[in-house]
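Visitor: Build me a model:
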Amino acid sequence: MSSPSVRSNASPALNEAQAVQQNSNAQRYIQLMLLVIAAGAIYPILYLRQVYQPTMLEVFHITDSQLGYLYSSLGTIFLLSYLPSGWLADRIAPRLLICFSLIATGVLGLWYSTAPAFPMLMLIFGGWGLSTGLTFWAAVIKRVTMIAGANEQGRFFGLLDGGRGLIEAMLATIAITLFAWVTQTKGEPVAAGFKLVVYLYAFLCIALGVVLGLVKGPQTAEDADSGRAARPHSNVLVDLKTLAKIPELWLVAAIVFCGYQVFWATYSFSAYLHEGGIGLSVVMAGTITTLKLWMRPIGGIGGGFLGDRYSKVSVLVIALFLAALSLVGLMAAPGIASHVLLVFLVLFIGILTYAIRGLYWSLLDRCNIPAATMGLAIGLISVVGYSPDVFLPLINGYLTQNFPGVFGYQLYFGYVAAMAALGGFAALALRNMLNQKEGA
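Guide: I've put the predicted structure just below:
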């Protein structure tokens, strides 16, 4: 006879617990959505040269060489910032770092919109290197790690990378529409159109920074933020020594190192399709590579969900080996008569590339990294994993210059295919290591 009473007393408590859990889940996904928008909005303002390079040369009155100096300084600051970025994310709440990064990047963008002289442009790009490298990169990765549940790491990082690509594509479409409206419909000079494009990104970054500062995450994440930020300052050399003894961390670094080079290879697809003996027109080659950009949401999000459903490491193994085989297939592209098959191959490589990018950071939760040094671990992996930014353009330039035409590109893609296969073996080694430890 007491059962109805017990059920009636337990039911409200159960419903309350479910409501709290649902509210927490909603908050976490809102946080993820804001991080996706932030990551998709903060970087395009740095890389407007992809679409507006001739306009930039005209507006800023600079040469191609000077533009190269700007981006060379940006890349150098990125490389130097990765490790300190992780150290900083262990000592200051990532949410606060992200807010600062967005607002600082937007304010620098407003200065950028005034078309300052070249020395001032160097300062702006240096500031962007710090605001998007030192205070943003590791903070975002760590924040996603914190808000994702134990069985959600794959989908959260997949949503981060795939969603970021979707935001970038949407913003780029809006920006080019605004630019065309100002310069063609209204007949204004290109400087006016470019200024409006910069305003779009700058004000969006500032607004997102304010919103992220006001919207707090789930209580557990906030507690973790506070605890990590308030922890005693340990010796960074001791922390690095601790991390260096974790073999899984070095295997993740190797996977990122190899997988990132596959992504770099896609930058050369347009030139290869046009100049590499395949004979596609500039418009056709550009259209195919633009379609590839829209594979980012499919690859990133799809790879993340597959990783959570089956195994993140196993999906990475398959994606890396398939990428290696697909790049070998692309080397044979001059002999492929069907343009439809060629388009399919390029898009398939795009899906694999973004699946790899969306998954490799999700491996961190299985690497037994101390929570207090998670940011430093992210910085350390980034230094190794993103070092191809320094040498891969040199390899590409050397091969395509000394072996002109199709052969130079084939050598380059062959090298990247070998790196993709090496990444696949590193992922296999990581899977075996994790299985042995978890089995024991």
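Visitor: Correct me if wrong: residue 158 contacts residue 312.
Guide: No. Assessed by C-beta atoms under 8 Å, residue 158 is found out of contact with residue 312, at 9.5 Å. The way it works is simple: take the backbone N, C-alpha and C, and place the C-beta from them, glycine included.
Visitor: and for those two, which residues touch both?
Guide: Common contact partners of residue 158 and residue 312 (C-beta atoms under 8 Å, 6 or more residues apart in numbering): 359, 362.
Visitor: Which of those two has more residues huddled nearby?
Guide: residue 158 (31 against 27; other C-beta atoms under 10 Å).
Visitor: What sits closest to that one if chain neighbours are left out?
Guide: Nearest residue to residue 158 in three dimensions, chain neighbours excluded: residue 304, at 1.7 Å (C-beta to C-beta, 6 or more residues apart in numbering).
Visitor: The one you found contacts residue 154, doesn't it?
Guide: Yes. At 4.5 Å, residue 304 counts as touching residue 154 under the criterion of C-beta under 8 Å.
Visitor: Which neighbours do those two have in common?
Guide: 359, 362.
Visitor: For stretch 355-367, C-alpha coordinates in PDB please.
Guide: Only the C-alpha atoms of stretch 355-367 are listed here, as PDB (Å, rounded to 0.1, in the frame of the first residue of the first chain):
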ATOM      1  CA  ALA A 355      36.800  14.300 -40.700                       C
ATOM      2  CA  ILE A 356      40.400  14.000 -39.600                       C
ATOM      3  CA  ARG A 357      40.500  17.600 -38.500                       C
ATOM      4  CA  GLY A 358      37.300  17.200 -36.500                       C
ATOM      5  CA  LEU A 359      38.500  14.100 -34.700                       C
ATOM      6  CA  TYR A 360      42.200  14.400 -33.700                       C
ATOM      7  CA  TRP A 361      41.600  16.800 -30.800                       C
ATOM      8  CA  SER A 362      38.800  14.600 -29.400                       C
ATOM      9  CA  LEU A 363      41.500  12.000 -28.500                       C
ATOM     10  CA  LEU A 364      42.800  14.100 -25.600                       C
ATOM     11  CA  ASP A 365      40.200  12.700 -23.100                       C
ATOM     12  CA  ARG A 366      41.700   9.200 -23.500                       C
ATOM     13  CA  CYS A 367      45.400  10.200 -23.000                       C
END
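Visitor: where are the low-confidence patches of the stretch 301-440 of the chain?
Guide: Applying pLDDT under 70 to the stretch 301-440 of the chain picks out residues 337, 439-440.
Visitor: picking that back up, could you give the separation of the strand or helix carrying the residue nearest to residue 158 from the chain centroid?
Guide: Element membership of residue 304 [criterion: DSSP states H and E] is helix 295-309. How far helix 295-309 lies from its chain's middle: 14 Å, per C-alpha atoms, centre = their mean, to the nearest Å.
Visitor: Go through that helix and flag the buried ones.
Guide: For helix 295-309, a neighbour-count test (16 or more other C-beta atoms under 10 Å) marks 295-308 as buried.
Visitor: Same question for stretch 383-391.
Guide: Result for stretch 383-391 [16+ other C-beta under 10 Å]: buried residues 383, 384, 385, 386, 387, 388.
Visitor: wait, isn't the last one in contact with residue 260?
Guide: Put plainly, it is residue 388. Yes. With contact defined as C-beta under 8 Å, residue 388 counts as touching residue 260 (5.6 Å).
Visitor: Could I get the contacting residues of the residue most central in space within the chain?
Guide: Central residue of the chain (C-alpha atoms, centre = their mean): residue 161, 5.6 Å from the mean position. Residue 161 sits next to 296, 300, 304, 354, 357, 358 when contact means C-beta under 8 Å, 6+ apart.
Visitor: One more: residue 423?
Guide: Counting by C-beta under 8 Å, 6+ apart, residue 423 has contacts 254, 255, 257, 258, 259, 262, 320, 356.
Visitor: Could you rerun that using 6 Å?
Guide: Contacts here follow C-beta atoms under 6 Å, 6 or more residues apart in numbering; on that basis residue 423 touches 255, 258, 259, 320.
Visitor: Which two of the contacts of residue 161 have the greatest separation?
Guide: Greatest spacing in these, by C-beta to C-beta: 296 and 304 (12.0 Å).
Visitor: any idea how the protein splits into domains?
Guide: By the assignment in automatic domain parsing, the chain contains the domains 19-230, 234-440.
Visitor: low-scoring pLDDT stretches of the stretch 51-200 of the chain, where are they?
Guide: 150.
Visitor: Now residue 410: phi and psi?
Guide: phi -60, psi -40 (degrees, to the nearest 10).
Visitor: give the contact list for it.
Guide: The neighbours of residue 410, taking C-beta under 6 Å, 6+ apart as the test, are residue 331.
Visitor: What is the burial count for residue 424?
Guide: 22.
Visitor: go on, the one 3 residues further on?
Guide: The number of residues packed around residue 427, counting by other C-beta under 10 Å, is 30.
Visitor: same thing with residue 272?
Guide: Neighbours of residue 272 (other C-beta under 10 Å): 26.
Visitor: List the contacts of it.
Guide: By C-beta under 6 Å, 6+ apart, the residues touching residue 272 are residue 409.
Visitor: Let me know the distance separating it from residue 396.
Guide: Using C-beta to C-beta, to the nearest Å, we find residue 272 at a distance of 11 Å from residue 396.
Visitor: Which neighbours do those two have in common?
Guide: Counting by C-beta under 6 Å, 6+ apart, no residue touches both residue 272 and residue 396.
Visitor: Alright, I will stop here.
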